[in-house]
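Student: this is the structure alone, sequence omitted:
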């Protein structure tokens, strides 16, 4: 079954270039490579509805695993799930001025509630008295409920999460990273004091960082956004930022301290212990199907997707090697036995997840090995009559070059499976962290900063993809106008002001004092 | 903590009537009782958006448990999850004539994609070239994907499920039973032959019946719908029907054999083994948040919700009895120890789920016992210093009268917990089955049939709720006009033609031959 690369690769014209399962490669055209990985791994595709994607089963399984783990983390931190309406009355959205300002340009609006055939064509009829917005986020509609649920300090804190779809009418979309409809979770909490709300905001940022690093194997920088990048209506927005393989930054999750802005807009008031009627303090926080895009752009390689073991639908894919019909039953039996042996082992709190690819693809019906390489299964095992005879297996790890393989004794492979999966998980994280370190520079002068981000944008003159510099750490006086000018000049922005502060210094752009260094980068 | 009923009930004016936590009772006003149970158990509430509900945490937890169990059953039968767009282009909906006819009157339509402030008021702008319908169901949008995914018989069967929200613009809504937006799952499958598609249709009907009976403790009749009740565009629709406590029928799940109707509409074609290009055969099947309504109307009583143990968020709720501050720590420690002892036991494949209600509600701050009765927790335990001394517990089962209690030895209670929960589960099912049997009549004459459904509609002349007769089993010649006349006359319809057939006989309305008896009832 492992007879090499797909034909078009084997016949490549330039033998000096390594053959890859994905064309173009990351170096050749990173944005195109990203889309080709999604296609080759069968993760998602564009739909007939502009900007809306279809998440295919292999991609949706990643989202299900993300949901399962995060949902457990939310419940362990005292949150419960609930569900609020998809539709928001226009009048609700208007209640918070900055909020509506931020979302008005990208709202899908429902105006009618019936269809009628007229001249053989369906037309919308039954106009609504008040148009409804398909939720772009739910602060205002959930705020309305909270205002009814909260009466006394004894009702607080209110710690709610919602798993839902949201719609933001995007003009330029990109599978997983920016789609008109996307899936997400949105936490919404209300507290008696500002301190408690801030504590919640930071706690959930920490949950996101832990999830990104421990499960997605993506190192992140936790920090606060500058005013220009704040969530519309928030007092402060915190985020986790990751470096993709094109060295651009991707915001992978946000946690907002909303102060009393939304509590005032929605009338979330309670009687405190002194008997005074006061407004609550609220937070909101969310991550979305964008995380799947982050995993692809962090771990995938020129042969396709690479899934971190903790989020893999199947930890191990077993390919039965059946060259003659006479051995079919023997090989399948041995594969099934191996599956059971592996399932008796545990990894990350559950049994090993095993898939046997027993499809009969017929002659020339496909190449299973390359299918699973492209889909990114962490471990591939091939098992045929000779392996049964010798008591060994062909084993390939997806974090290693695609043609590398080992031939461990079966018992040894089975007993070591959890350790191997953890090694892969750790390896992916370490590699991503090393990559980020390699492409992060501490800069102290304006000239070096401009040279860093203006440096040759591409290695290949025919390449439509610029190679981005990476992250720069500089001091910064915090002036929004200066930030805007740098964005105009170089296309880079402050991704975040990292938590934990650091030493004060001098802003290299103005010579003014700076409390700490900030992270600059181009961003998705 | 167990000092009796809420005050308004203790002071009731008519001592001869048993006190109840819910007013009105089922007998007094069944529809109103239903809404009061939902309110008292904190399951859901109406939102500011007409017809859309807010599912509150205690209600959403029921849906999460339904999802978890059903999702496992779907996966065990070979299905995988995926996600398709919320929006459907009008042109897609038009492809299947009967389908659009069925849904056109209740579609939310998105016509604009931006908001702009004009004269200080937000108005929709950015009109779409083609309006989008918020999915009422996804046959047409998923069909579009299937048409791309299916090329050869080797790609079949395609077994996909989606968990999603859908919108049907209902004029008369009722929490859980009929809401404009609701949550559901919709299975969509494509097959190479009609036989395989029919087999899938029946298999999933069986999964729904098993889930209803084994998990929701709701006995159901599996059967086929008559033409008038078929899903728009289906060749045949199968359903599970349950009897509610007002003796009306509730359709709790449907499974549709779609023939080649949607395959032709969406162009789902494949090359068969002979190399011919032919249309696939498809199915779809779904259950929704309506199931929560079905559980309430089957099991709840005049003291509130009664949750079947297998779907309960908490199997056991422990209330610490703390009358003096000095014993607080001792009691809480004992409660925590009990929780651990219980969690070491298993029920229905998982650990016992335990909640300690340690809230300090202050003086007159509420009555925990009645809160948990109304919320329907299967088992309530009260634990105070005297219980610790004696090694016993106060235990109350929600399937027994609300003031019944027992005082088992603690060790005995713990070791018997799984058996007790199973007894409650079985008791709820047996009770519902006995109720259905009691109110199902086999009828052989038209006069008896009309008398049955025309019988005194109410016990109480001031009662707005008629007491419905129940189910009637009669022979029927299958004439749609006759069915329509009976609906006009009595408001009852054929709920289903039960699977398994039965003896042929004579239609009591026409004297014509009938293949088997059918189920008649008033329905939700």
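Tutor: Looks like it arrived, so ask away. Nothing here was measured: the structure is a model prediction, and the numbers come from that model.
Student: can we go C-alpha only for contacts and neighbour counts from here?
Tutor: Fine.
Student: what's around residue A:252, how many residues?
Tutor: 25 (other CA atoms under 10 Å in any protein chain shown).
Student: check contacts around it.
Tutor: Residues near residue A:252 by CA atoms under 8 Å, 6 or more residues apart in numbering or on different chains: A:239, A:240, A:241, A:242, A:287, A:290, A:291, A:294.
Student: following the helix or strand hosting it, which helix or strand comes up?
Tutor: Secondary structure from DSSP states H and E places residue A:252 in strand A:249-257. As assigned by DSSP H and E, the chain's next helix or strand after strand A:249-257 is helix A:261-266.
Student: any idea of the mean pLDDT for the lengthiest strand in chain A?
Tutor: Determined from DSSP state E, the single longest strand within chain A is strand A:121-134. Across strand A:121-134, pLDDT averages out at 95.
Student: distance check, residue A:274 against chain B.
Tutor: Residue A:274 sits 15 Å away from chain B, going by CA to the nearest CA, to the nearest Å.
Student: what's the local residue count around the closest residue to chain B within the stretch 401-524 of chain A?
Tutor: Closest contact between the stretch 401-524 of chain A and chain B, by CA to the nearest CA, is at residue A:524 (22.8 Å). The local packing of residue A:524 (other CA under 10 Å) involves 10 other residues.
Student: quick one: contacts for it?
Tutor: A:177, A:248, A:249, A:250, A:251.
Student: what's the closest of those residues to chain B?
Tutor: Closest approach to chain B among the contacts of residue A:524 (CA to the nearest CA): residue A:177, at 15.8 Å.
Student: dihedrals phi and psi, that closest one?
Tutor: Backbone torsions for residue A:177, taken as degrees, to the nearest 10, come to phi -80, psi -40.
Student: cool, and the one 3 residues further on?
Tutor: Comment: the main-chain dihedrals of residue A:180 come out as phi -60, psi -50, following degrees, to the nearest 10.
Student: my guess is it meets residue A:52, correct?
Tutor: Yes. Residue A:180 lies in contact with residue A:52 (CA atoms under 8 Å); the separation is 5.4 Å.
Student: which of the helices or strands spans residue A:287?
Tutor: Assigned by DSSP H and E, residue A:287 belongs to strand A:281-288.
Student: tell me which residues are up against that strand.
Tutor: Applying CA under 8 Å, 6+ apart, the contact partners of strand A:281-288 are A:139, A:182-194, A:197-198, A:200-201, A:204-205, A:252-260, A:262-263.
Student: excluding chain neighbours, what is closest to residue A:522?
Tutor: Nearest residue to residue A:522, sequence neighbours excluded (CA to CA, 6 or more residues apart in numbering or on different chains): residue A:492, at 4.5 Å.
Student: quick one, what contacts that neighbour?
Tutor: Contact analysis of residue A:492 by CA under 8 Å, 6+ apart lists A:453, A:486, A:520, A:521, A:522, A:523.
Student: could you tell me the per-residue confidence at the nearest residue to residue A:211 once chain neighbours are set aside?
Tutor: By the measure of CA to CA, 6+ apart, the closest residue to residue A:211 outside its immediate chain neighbours is residue A:70, 7.3 Å from it. pLDDT, residue A:70: 98.
Student: and for the one 4 residues further on?
Tutor: Model confidence at residue A:74, given as pLDDT, is 98.
Student: distance check, it against chain B.
Tutor: For residue A:74, the distance to chain B - CA to the nearest CA - is 14 Å.
Student: residues near the residue lying closest to residue A:443 once chain neighbours are set aside, how many?
Tutor: Spatial nearest neighbour of residue A:443, excluding adjacent residues (CA to CA, 6+ apart): residue A:474 at 5.4 Å. Counted with other CA under 10 Å, residues neighbouring residue A:474 total 25.
Student: again, but for residue A:221
Tutor: 19.
Student: about what we covered before: surely the residue nearest to residue A:443 touches residue A:508?
Tutor: Yes. Using CA under 8 Å, residue A:474 is in contact with residue A:508, at 7.4 Å.
Student: tell me where the stretch 101-250 of chain A has strands.
Tutor: In the stretch 101-250 of chain A, the strands defined using DSSP state E, counting those that start in this stretch lie at A:109-118, A:121-134, A:158-167, A:181-191, A:221-224, A:236-243, A:249-257.
Student: figure out which of these is closest to residue A:40.
Tutor: Comparison of the strands of the stretch 101-250 of chain A against residue A:40 by CA to CA identifies strand A:181-191 as nearest, at 21.4 Å.
Student: is the closest one in proximity to chain B?
Tutor: Yes. Contact of strand A:181-191 with chain B (CA under 8 Å from any CA of the partner chain) involves residue A:181.
Student: partner strands of that strand, with direction?
Tutor: Note on strand A:181-191: by DSSP bridges, its sheet partners are strand A:158-167 (antiparallel), strand A:281-288 (antiparallel).
Student: now the strands of the stretch 101-250 of chain A in JSON lines, with distance to residue B:225?
Tutor: Formatted as JSON lines, the strands of the stretch 101-250 of chain A follow (distance: least, CA to CA, whole Å):
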{"stretch": "strand A:109-118", "distance to residue B:225": "26"}
{"stretch": "strand A:121-134", "distance to residue B:225": "29"}
{"stretch": "strand A:158-167", "distance to residue B:225": "33"}
{"stretch": "strand A:181-191", "distance to residue B:225": "35"}
{"stretch": "strand A:221-224", "distance to residue B:225": "57"}
{"stretch": "strand A:236-243", "distance to residue B:225": "53"}
{"stretch": "strand A:249-257", "distance to residue B:225": "48"}
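Student: let me know which of those is the nearest to residue A:438.
Tutor: Comparing these by their distance to residue A:438 (CA to CA), the top pick is strand A:236-243, with 10.9 Å.
Student: quick one, the closest one and strand A:249-257 angle?
Tutor: Relative orientation of strand A:236-243 versus strand A:249-257 (axes from the mean of the first three to the mean of the last three CA atoms, to 10 degrees): 160 degrees.
Student: tell me the strands beside strand A:236-243, with direction?
Tutor: strand A:221-224 (antiparallel), strand A:249-257 (antiparallel).
Student: one step back: buried ones in the strand holding residue A:252?
Tutor: Of all the residues in strand A:249-257, those buried under the rule 16 or more other CA atoms under 10 Å in any protein chain shown are A:249, A:250, A:251, A:252, A:253, A:254, A:255, A:256, A:257.
Student: closest to residue A:88 among these?
Tutor: Nearest to residue A:88, judged by CA to CA, of the buried residues of strand A:249-257 is residue A:256 at 20.6 Å.
Student: okay then, goodbye and thanks.
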